[in-house]
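S.K.: I'll drop the sequence and a predicted model, then ask my questions.
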Amino acid sequence: MTDKANRIVQKMFDQDWFSQWLGITLVEVKESSCTLKMKVRKEMLNGFGIAHGGITYSFADSALAFASNSHGRKSVSVETSISHTESLLEGDELTAVAEELSLSNKIAVYQIKIFNQHNKIVALFKGTVYRTSKEWE
């Protein structure tokens, strides 16, 4: 992890109670990208006995936040979407990989792929962020 990106994301994560509740761990943070892990727990299941769609959405949204803020400018999402391609069960281990697709002065676009423990894509997320003029450091 680059020192600056690591400091920023760690500061965000330390105050991000929801990401902590999800059980997210930071695997790798670089400027413009990040990799996260988490495990599906029983309280994350819906009435069908599969993970609620909001779980993978929130997981990807956290990856978007960390990757987009890693440049040092405070960034907030303005548009997001997700495609759920596989259902998830209790105990499934997930990895989110966020990659920057486009970066300009005010707007950046990211793609987040979520994989299960078998390295199969289970969700695809696209997020657009507004890059404010406020710096983290």
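M.R.: Noted; the coordinates are in hand. Residues are numbered from 1 along each chain as shown.
S.K.: F18: neighbour count?
M.R.: Neighbour count of F18, defined by other CB atoms under 10 Å: 10. (Glycine included, C-beta is placed from N, CA and C.)
S.K.: Buried ones in the helix or strand where it lies, by neighbour count?
M.R.: Assigned by DSSP states H and E, F18 belongs to helix 17-22. Buried residues in helix 17-22, counting neighbours by 16 or more other CB atoms under 10 Å, are found at 19, 22.
S.K.: Packing partners of it?
M.R.: For helix 17-22, the elements it packs on are helix 53-69, judged by 3 or more CB pairs under 8 Å, 6 or more residues apart in numbering; DSSP states H and E.
S.K.: mind checking how far the helix it packs on is from the chain centre?
M.R.: What separates the centre of helix 53-69 from the centre of its chain is 3 Å, taken as CA atoms, centre = their mean, to the nearest Å.
S.K.: Next SSE downstream of it?
M.R.: Assigned by DSSP H and E, the successor of helix 53-69 is strand 73-84.
S.K.: The longest strand along the chain pairs with which strands, parallel or anti?
M.R.: Secondary structure of the chain per DSSP state E: the longest strand is strand 121-135. Sheet pairing here is set by DSSP bridges, and for strand 121-135 it gives strand 73-84 (antiparallel), strand 107-115 (antiparallel).
S.K.: Generate a markdown table for the ones you listed, with mean neighbour count as supplementary columns.
M.R.: Listed next are those as a markdown table, based on neighbours: other CB atoms under 10 Å:
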| stretch | mean neighbour count |
| --- | --- |
| strand 73-84 | 15 |
| strand 107-115 | 20 |
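S.K.: can you list those strands in JSON lines and add distance to S133 and mean pLDDT?
M.R.: Formatted as JSON lines, the strands paired with strand 121-135 follow (distance: least, CB to CB, whole Å; pLDDT from 0 to 100):
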{"stretch": "strand 73-84", "distance to S133": "7", "mean pLDDT": "98"}
{"stretch": "strand 107-115", "distance to S133": "13", "mean pLDDT": "98"}
